[in-house]
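1. Okay, here's the prediction I keep looking at, along with the sequence it came from:
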Amino acid sequence: MSSSGAESLTTSEYEMLNKAMEFPFGLPGFPEFKKFVFVQHKEERPFAWMRSLDDERIAFAVVEAYFLLPDFSFEIDDKELEEIGNPPPDKCGIFFIVKIDAGEKVRLTVDCHAPLIINTRDQKGRQVIVPSDKPEPTVFEY
Amino acid sequence: MLVISRKQGEAIKVAENIEVTVISVDGHRVRLGIKAPRSVRVLRSELDTSVAASNQSAVLQPQTGLLKQIAKARQEKSSSSGESANP
């Protein structure tokens, strides 16, 4: 992990930007979307875009789980990890899809049941569904 | 599909290491206790549907300004409240 400033990119995040990522299983709700690319401008940190390469009109806002919920942890099944190439822990990026309602205030919602796991070594990812001790979506307002 | 009737307190065993016990039955609600190794993922089935729905509601058109605006608001909030946004 880099020792630079507070919201700089982690190693895993930096390595994975602007590369086509394969999502062999698509996403729940979007089973046919199997290729994404993560892009980020400096001013957007710690958020990033996860853009579909199958349909360029579609994108998700994502954020590394650590930045929103520093204590977030979950159990990942060995088989699920194997299916995206068995990345070592330092090549595993954990992200959330962020739902954004931008009005007077900006309201961000993340579903802790559904982190994205990215194998930054092999450019493969998937969304997993995990039990969470936070039953409700978590909301941040700015 | 295998269908088995069980009473309160009774259990079924799946493979060698999974046991599902009917803890209580109260009207239409059944409480189950599940003993399984950690590697076996146990989830309420409707979670799948709810994650698909939350993904669908999170779709955005790529807009250049949106995430910058949020990142800025987030930074302003953390500096004004004196809290670290990234403990």
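-> Sure, I can see it. Numbering: from 1, shown residues only, chains lettered A, B, ... in the order given.
2. beta partners of residue 60?
-> If you meant another chain, say so; for now it's chain A. The bridge-partner assignment for residue A:60, based on DSSP bridges, gives residue A:50.
3. Chain B, not that one
-> Each beta-bridge partner of residue B:60 is listed here: residue A:59, as defined by DSSP bridges.
4. In contact with it, which residues?
-> With contact taken as C-beta atoms under 8 Å, 6 or more residues apart in numbering or on different chains, residue B:60 is in contact with A:59, A:60, A:61, A:100, B:66. Using the backbone N, CA and C atoms, a C-beta is placed for each residue, glycine as well.
5. elements contacting the longest strand that chain B contains?
-> Longest strand of chain B, by residue count under DSSP state E: strand B:18-26. The helices and strands touching strand B:18-26, judged by 3 or more C-beta pairs under 8 Å, 6 or more residues apart in numbering or on different chains; DSSP states H and E, are strand B:11-14, strand B:29-35.
6. name the element residue A:140 belongs to?
-> Secondary structure assigned from DSSP states H and E places residue A:140 in strand A:138-141.
7. Closest one to residue A:89 out of the contacts of residue B:60, please.
-> The shortest gap between residue A:89 and any of the contacts of residue B:60 belongs to residue A:60, at 24.2 Å (C-beta to C-beta).
8. Pull the number of nearby residues for the closest one.
-> The burial metric for residue A:60, expressed as a neighbour count using other C-beta atoms under 10 Å in any protein chain shown, is 26.
9. Can you verify my assumption that it contacts residue A:49?
-> Yes - in terms of C-beta atoms under 8 Å, residue A:60 counts as a neighbour of residue A:49; the distance is 7.3 Å.
10. Quick check: of the contacts of residue B:60, which has the highest neighbour count?
-> For these, counting by other C-beta under 10 Å, the largest number of neighbours falls to residue A:60: 26 neighbours.
11. Contacts only, for that residue.
-> With contact taken as C-beta under 8 Å, 6+ apart, residue A:60 is in contact with A:49, A:50, A:97, A:98, B:55, B:58, B:59, B:60.
12. For chain B, name the helix or strand with the lowest mean pLDDT.
-> Lowest mean confidence among the helices and strands of chain B (mean pLDDT, DSSP states H and E): helix B:64-81, at a mean of 82.
13. In terms of secondary structure, what does that one contact?
-> Packed on helix B:64-81, when contacts are counted by 3+ C-beta pairs under 8 Å, 6+ apart, are strand A:47-52, strand A:59-64, strand A:92-102, strand A:106-110.
14. returning to that earlier point: let me have the helices and strands packed on strand B:18-26 in a markdown table, adding distance to residue A:89 and mean neighbour count as columns.
-> Output for the helices and strands packed on strand B:18-26, formatted as a markdown table (distance: least, C-beta to C-beta, whole Å; neighbours: other C-beta atoms under 10 Å in any protein chain shown):
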| stretch | distance to residue A:89 | mean neighbour count |
| --- | --- | --- |
| strand B:11-14 | 31 | 12 |
| strand B:29-35 | 28 | 11 |
